[in-house]
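1. predicted model and sequence follow; I will ask about them next.
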Amino acid sequence: MSDDDVTGLVAIVINSEEIPVAPGATIAMGGPIRETIMEASGKRRERTTGFAPGKISCSAFHGPKTDLGFFRDFKGGTVLAKTDTDQVFVCKKASQIGEVESSDGMIPLTFEGQPLEQIA
């Protein structure tokens with residue numbers, strides 16, 4: 001696999017507005033969390049122990065038209081994560097989690113919601 005084949009997040013889309021993000025973003029699919037259980041008979045089975053939210057973590061660029069309050073107040077919406085390999089993931093009923101702050105021109109953001117779905 002060459003470096004050109006590695007997926008990187010290039011933008012998030014909120015309310016049809018594409019927001020470019022810095023390299024190093026993370027997506028977590030979410031969904032059931034399972035563990036393996038070995039029975040005395042040697043049979044292996046799995047058990048669901050919890051359910052993780054879908055998560056998109058990234059750093060958006062803070063420009064002159066950036067509305068920090070928009071990110072702070074974002075709740076229950078849909079966030080798309082677009083990659084440089086033309087994959088698109090959607091997180092429905094997502095909310096911005098944690099404090100919204102800007103430092104050195106970057107805004108670290110974390111959106112959590114329903115498990116991510118790959119739509120392209």
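-> Done, it's in. Residues are numbered from 1 along each chain as shown.

2. and residue 20, what element?
-> Assigned by DSSP states H and E, residue 20 belongs to strand 17-20.

3. before we move on, what about residue 70?
-> Assessed by DSSP H and E, residue 70 sits inside helix 68-73.

4. and the gap between the residue nearest in space to the middle of the chain and residue 102?
-> In the chain, the residue lying closest to the centroid (Cα atoms, centre = their mean) is residue 56, at 1.3 Å. Separation of residue 56 from residue 102 (Cβ to Cβ, to the nearest Å) stands at 18 Å. C-beta coordinates here come from the backbone N, C-alpha and C atoms, glycine included.

5. what sits against residue 67?
-> Under the criterion of Cβ atoms under 8 Å, 6 or more residues apart in numbering, residue 67 has no contact partners.

6. now the residue of the chain lying at maximal distance from its centre. Its backbone dihedrals?
-> The outermost residue of the chain, judged against the average C-alpha position, is residue 41 (40.4 Å), by Cα atoms, centre = their mean. When read as degrees, to the nearest 10, the backbone of residue 41 gives phi -80, psi -10.

7. I'd like to know how many residues surround the residue nearest to residue 53 when sequence neighbours are not counted.
-> Nearest residue to residue 53 in three dimensions, chain neighbours excluded: residue 112, at 4.3 Å (Cβ to Cβ, 6 or more residues apart in numbering). Counted by other Cβ atoms under 10 Å, the residues lying close to residue 112 total 20.

8. and residue 112, its phi and psi?
-> Main-chain dihedrals, residue 112, degrees, to the nearest 10: phi -130, psi 150.

9. wait, it touches residue 97, no?
-> Yes - with contact defined as Cβ atoms under 8 Å, residue 112 and residue 97 form a contacting pair (5.0 Å).
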